[in-house]
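J.: Attaching a predicted model along with its sequence, questions to come.
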Amino acid sequence: MTVTALTTLIFALGIGTSLTFVSSHWLLAWMGLEISTLAILPLMAQQHHPRAVEATTKYFLIQATAAAMLLFASTTNAWISGHWDIQQTSHPLPLTMITLALALKIGLAPLHSWQPEVLQGLELNTGIIMATWQKLAPFAILAQIQPPNSPLLLILGITSIFVGGWGGLNQTQLRKILGYSSIAHLGWMILVLQYSTLLTLLALFIYIIMTYATFTLFMLKKATSVKTLFALGAKNPILIMLLPLLLMSLAGLPPLTGFLTKLLILKELAKQGLAPTAALAILGTLLSAFFYVRLSVATTLTLPPNILTGTTPWRLSSSRLTLPLAISAMLSIALLPLTPTLIALLTH
């Protein structure tokens with residue numbers, strides 16, 4: 001792919017997401033979602049590999065179904081209420097359809113099965129975009145419609161946390177594991193969406209940072225399966241020391257950044273009188289924590305065969321750009337001391 005084509009597609013991704021951000025009209029928001037979808041499809045299929053083409057086709061069909069459902073629901077809302085304003089969507093029928101369409105777009109359970117399969121067929125650099133940037137526009141719409149006292153969001157959230165944890169237990173491919181990790185994290189965000197939009201956006205922002213750092217580290221080491229992690233410690237021991245910290249942050253263990261969002265979300269759920277829901281969310285997180293620990297053990301506590309060619313790469317200088325990884329890894333690990341400040345910002 002030429003530089004001009006790549007620049008055009010990245011620019012279209014930004015335009016589509018920005019259009020959805022600033023739109024208060026349903027048709028403009030839908031148009032922004034479609035621009036983002038059409039812009040990422042050539043990036044997904046640029047390798048001309050059968051697996052990449054299959055993943056692109058699946059993604060296109062799923063996104064087209066969700067977009068058609070969203071357009072039908074917004075038209076129904078305009079027919080019932082007489083206006084196209086996103087923030088005035090209050091009738092339960094179109095509101096439920098819109099919520100389900102956006103859940104399908106971002107991959108919430110039980111509408112999740114496409115996400116790990118599509119991620120598995122993509123290159124890691126395209127997988128970063130699908131797992132992070134493509135979540136922004138649907139969440140912008142969810143934050144605007146604000147479904148009041150919706151049990152649907154709680155059901156989607158709890159189901160996603162358990163499916164994301166359970167589905168990742170028996171996986172050996174890192175991209176599928178990150179796909180199920182995404183489902184579980186999205187479940188936490190959806191749980192608290194109707195009670196604190198700012199907290200949901202904070203959780204999304206921190207999730208994007210942690211996922212970007214993890215994807216970038218896997219790209220630097222060209223790791224795509226759990227089996228490839230066994231030899232990484234000998235190839236670059238200093239860099240691989242970051243991976244367990246990133247994985248434990250994704251799991252939400254203190255004192256890392258991932259614990260910050262889970263702590264604030266649990267606090268908000270308890271304040272809303274949803275202690276049983278918070279307890280279920282914690283139990284579901286234990287499933288996710290298991291496969292994060294499994295990856296950490298494969299990286300740090302498993303020694304590969306001690307041969308000369310295995311220990312040579314870490315002795316050689318690398319020309320790869322690691323500054324983005326350094327910044328995102330630092331943010332993924334060390335933001336927990338800012339918790340009092342964030343609590344003050346969220347409560348005022």
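T.: Happy to help now that I have it. Bear in mind the structure is a predicted one, so any value in this text is a computation, not a measurement. Numbers count the residues shown, from 1 in each chain.

J.: quick one: Thr17 and Met241, what's the gap?
T.: 34 Å (CB to CB, to the nearest Å). (Glycine included, C-beta is placed from N, CA and C.)

J.: Give me the distance from the helix or strand containing Leu95 to the chain's centre.
T.: Here Leu95 sits within helix 92-106, counting by DSSP states H and E. Relative to its parent chain, helix 92-106 has a centroid offset of 18 Å by CA atoms, centre = their mean, to the nearest Å.

J.: cool, and stretch 187-203?
T.: Centroid separation for stretch 187-203 versus its chain: 14 Å, with CA atoms, centre = their mean.

J.: Pull out the buried residues from it.
T.: 187-196, 199-203 (16 or more other CB atoms under 10 Å).

J.: what mean pLDDT does that stretch have?
T.: In this model, stretch 187-203 carries a mean pLDDT of 90.

J.: Compare Thr17 and Met241 and say which is more crowded by neighbours.
T.: Between Thr17 and Met241, counted using other CB atoms under 10 Å, Thr17 has the larger neighbour count: 21 against 12.

J.: Report the next helix or strand after whichever strand or helix holds the more buried one in sequence order.
T.: Element membership of Thr17, judged by DSSP H and E, is helix 3-22. The first helix or strand that comes after helix 3-22 along the chain, using DSSP H and E, is helix 26-44.

J.: For that next one, name the packing helices and strands.
T.: Packing contacts for helix 26-44, counted by 3 or more CB pairs under 8 Å, 6 or more residues apart in numbering; DSSP states H and E, involve helix 3-22, helix 50-81, helix 124-131, helix 136-145.

J.: what's the closest of those helices to Leu111?
T.: Ranking the helices and strands packed on helix 26-44 by proximity to Leu111 (CB to CB) places helix 50-81 first, at 8.5 Å.

J.: Tell me the confidence at Leu316?
T.: On the pLDDT scale, Leu316 gets 52.

J.: whoops, Pro147 was the one
T.: Confidence for Pro147, expressed as pLDDT, is 63.

J.: The helix or strand containing Leu156 to helix 136-145, inter-axis angle?
T.: When elements are assigned from DSSP H and E, Leu156 belongs to helix 151-167. Interaxial angle, helix 151-167 versus helix 136-145 (axes from the mean of the first three to the mean of the last three CA atoms, to 10 degrees): 150 degrees.

J.: Which elements pack onto the helix or strand just after helix 151-167?
T.: Per DSSP H and E, helix 151-167 leads on to helix 174-192 as the next helix or strand towards the C-terminus. Using 3+ CB pairs under 8 Å, 6+ apart as the contact test, the elements touching helix 174-192 are helix 114-120, helix 124-131, helix 151-167, helix 197-221, helix 226-229, helix 257-271, helix 275-300.

J.: Check whether Leu93 really touches Thr76, as I assumed.
T.: Yes: using CB atoms under 8 Å, Leu93 makes contact with Thr76 at a distance of 6.7 Å.

J.: higher neighbour count, these two?
T.: Taking other CB under 10 Å, Leu93 and Thr76 do not tie; Thr76 has more neighbours (15 against 11).

J.: which residue packs closest to that one, ignoring adjacent ones?
T.: Nearest non-adjacent residue to Thr76, counting by CB to CB, 6 or more residues apart in numbering: Pro94, 4.6 Å away.

J.: same question, Leu43
T.: Leu43's closest residue in space is Thr126 (CB to CB, 6+ apart), at 5.2 Å.

J.: Can you tell me which helix or strand of this protein has the lowest average pLDDT?
T.: helix 308-311 (a mean of 55; mean pLDDT, DSSP states H and E).

J.: ok, the closest residue to Ser288 other than its chain neighbours - contacts?
T.: Setting aside the residues directly before and after it, Ser288 is nearest to Gly165 in space (CB to CB, 6+ apart), at 4.1 Å. By CB atoms under 8 Å, 6 or more residues apart in numbering, the residues touching Gly165 are Tyr180, Ala184, Gly284, Thr285, Leu286, Leu287, Ser288, Phe290, Phe291.

J.: same thing but 6 Å
T.: Ala184, Gly284, Leu287, Ser288 (CB atoms under 6 Å, 6 or more residues apart in numbering).

J.: Any figure for the gap between it and Leu280?
T.: Gly165 is 11 Å from Leu280, by CB to CB.

J.: In this structure, where is pLDDT below threshold?
T.: Applying pLDDT under 70 to the chain flags the ranges 1, 146-149, 233-235, 302-321, 348.

J.: Domain map for it?
T.: 1-130, 149-348 (automatic domain parsing).

J.: Any idea which of the ones you listed gets closest to Ala140?
T.: domain 1-130 (5.1 Å).

J.: starting at the chain centroid, how far to the closest one?
T.: With CA atoms, centre = their mean as the basis, domain 1-130 stands 14 Å off its chain's centre.

J.: For the residue lying closest to Ala73 once chain neighbours are set aside, the count of nearby residues, please.
T.: Nearest residue to Ala73, sequence neighbours excluded (CB to CB, 6+ apart): Met97, at 3.6 Å. Residues lying near Met97 (other CB under 10 Å) number 17.

J.: And Ile10, by the same measure?
T.: Neighbours of Ile10 (other CB under 10 Å): 15.

J.: gap between the nearest residue to it once chain neighbours are set aside and Gln63?
T.: Nearest residue to Ile10 in three dimensions, chain neighbours excluded: Ala39, at 7.8 Å (CB to CB, 6+ apart). From Ala39 across to Gln63, the span is 12 Å (CB to CB).
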